[in-house]
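*Asks:* What follows is a predicted protein model with its sequence.
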Amino acid sequence: MRLITKLALGALTALMAPAAAGAQTVYVSNERGNSVTVIDGAAGKVLATWPVGERPRGITLTRDGRFVLVCVSNDNAVKVIDRQTGKILREIGAGQDPEQFFPAIDGKTVFVANENDAAVSAIDLETGRVAFQIPVGKEPEGVAQSPDGKWLVVTSEDDSTIAWIDLATRQVVSTMETEKRPRHVEFTADGRELWIAAEVGGVIQIADPRTRAITATIPFSIPGVQGYKILPCGIRFTPDGKTAVVALGRADRIALIDVATRKVRATIPVGKRVWHLALSPDGTRAYTANGLSNDVSVVDLVAGKTVATVPAGIAPWGAVAAP
């Protein structure tokens, strides 16, 4: 793995500095548009479009909130972007076909799922290098770290499995079967549950990290929507931990699930083929990346309806929101 461009050491350590306050902003990766759309979340309007390279998918922020990180899959790189200027500050070699990633709780590392390597890579943000890489199942995509820092979990779409990695030993200690093609994983804030979006299986599954076993499965039934179109993907929890918001792919809906009862409270129409989503910092709005309608739906989660549609680039894939 190689560092393609460099920053001065002082700029590297700035990755860990406190973030400046600002307006609520949404960043959307456009897989076929080779760009990131920057949206004013409150006003529902486009602020800028940043070219970032070929086939950007996973998108997140550094833990301090200062920088946008984008998995640019065809460039085999993670791009580090200044939020204020849109300038690409660093381009880090990140293994073959990076898909999604997760900013580690230490604030210094990001974990990247490499689809073509069948591995997960740990990238050190201070050095701009891959610190280590761990083999997992075929077509890894979703990745998440447990809140206690102990576990790293990685989905394997092709194998329909989850790899549980002990970060102390950097070893896969168990492999858990899921329904077909798990795309995304998300821990609850207390770390007691892992929620898994099984795309082709059409369900959300819940695992207990203590036993590393599935404890519940949540199906979906939407009047007027054929079952094969219900393709769960992105999952986000509201800040109070009470609601899971799930993107349902070609169902063109998001679902609101009560975390305590595991019941689907509502499904809300959004744009076409919603892939991933972001929530506003206060948890009252969702922003959905709609891959076939090339736009972002702004959803009022309290009222349970879409209140605005904002144009994006071609094939929106991922989204992240920041204050």
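*Replies:* Sure, I can see it.
*Asks:* helix/strand/coil for Tyr228?
*Replies:* For Tyr228, the assignment made with DSSP: H, G, I helix; E, B strand; the rest coil gives helix.
*Asks:* count of neighbours near it?
*Replies:* As a burial measure, Tyr228 scores 10 neighbours (other C-beta atoms under 10 Å). The C-beta positions use only the backbone N, C-alpha and C, and glycine is treated the same way.
*Asks:* and if you look at Thr49?
*Replies:* 16.
*Asks:* Now name the helix or strand holding it.
*Replies:* Using DSSP states H and E, Thr49 maps to strand 45-51.
*Asks:* Paired strands for that strand, with orientation please.
*Replies:* In the sheet, strand 45-51 lines up against strand 35-40 (antiparallel) (DSSP bridges).
*Asks:* next one: the strand it pairs with to chain centre, how far?
*Replies:* Using C-alpha atoms, centre = their mean, to the nearest Å, the distance from the centre of strand 35-40 to the centre of the chain it belongs to is 16 Å.
*Asks:* And it, what's buried?
*Replies:* For strand 35-40, a neighbour-count test (16 or more other C-beta atoms under 10 Å) marks Ser35, Val36, Thr37, Val38, Ile39 as buried.
*Asks:* Could you single out the nearest of those residues to Gln100?
*Replies:* Lowest distance from Gln100 to the buried residues of strand 35-40 (C-beta to C-beta) belongs to Val36, with 15.3 Å.
*Asks:* Excluding sequence neighbours, find me the nearest residue to the closest one.
*Replies:* Once flanking residues are discounted, Val36 sits nearest to Trp50: 4.5 Å by C-beta to C-beta, 6 or more residues apart in numbering.
*Asks:* Quick check: the one you found touching Gly33?
*Replies:* No - using C-beta atoms under 8 Å, Trp50 is not in contact with Gly33; the gap is 10.5 Å.
*Asks:* that older thread, got the contact list for the strand holding Thr49?
*Replies:* For strand 45-51, the surrounding residues in contact (C-beta atoms under 8 Å, 6 or more residues apart in numbering) are 25, 34-40, 81, 86, 310-313.
*Asks:* now that strand: mean pLDDT?
*Replies:* Mean pLDDT, computed over strand 45-51, is 97.
*Asks:* roughly how far is that strand from the heart of the chain?
*Replies:* The answer for strand 45-51 is 20 Å, by C-alpha atoms, centre = their mean.
*Asks:* name the helices or strands packed onto the helix or strand following it?
*Replies:* For strand 45-51, the following helix or strand on the C-terminal side (DSSP H and E) is strand 56-61. Judged by 3 or more C-beta pairs under 8 Å, 6 or more residues apart in numbering; DSSP states H and E, strand 56-61 is in contact with strand 25-30, strand 35-40, strand 67-72, strand 98-103, strand 109-114, strand 316-322.
*Asks:* which stretch in those has the least confidence?
*Replies:* Looking at the helices and strands packed on strand 56-61, the bottom one is strand 98-103 with a mean of 87.
*Asks:* so where's this protein uncertain?
*Replies:* 1-23 (pLDDT under 70).
*Asks:* quick revisit: what about the residue nearest to Val36, neighbour count?
*Replies:* 22.
*Asks:* which residues in the stretch 201-323 of the chain form strands?
*Replies:* Taking DSSP state E, counting those that start in this stretch as the test, the strands found in the stretch 201-323 of the chain are 203-208, 213-218, 235-237, 243-247, 253-258, 263-269, 274-279, 285-290, 295-300, 305-311, 316-322.
*Asks:* tell me the angle the fifth one makes with strand 285-290.
*Replies:* The reference is to strand 253-258. If you take axes from the mean of the first three to the mean of the last three C-alpha atoms, to 10 degrees, strand 253-258 sits at 140 degrees to strand 285-290.
*Asks:* Between the two ends of stretch 221-229, what distance do you get?
*Replies:* End-to-end distance for stretch 221-229, by C-alpha to C-alpha, to the nearest Å: 11 Å.
*Asks:* before we move on, the earlier item: go through the strands of the stretch 201-323 of the chain and name the closest to Asn76.
*Replies:* Using C-beta to C-beta, the strands of the stretch 201-323 of the chain put strand 316-322 closest to Asn76, at 16.8 Å.
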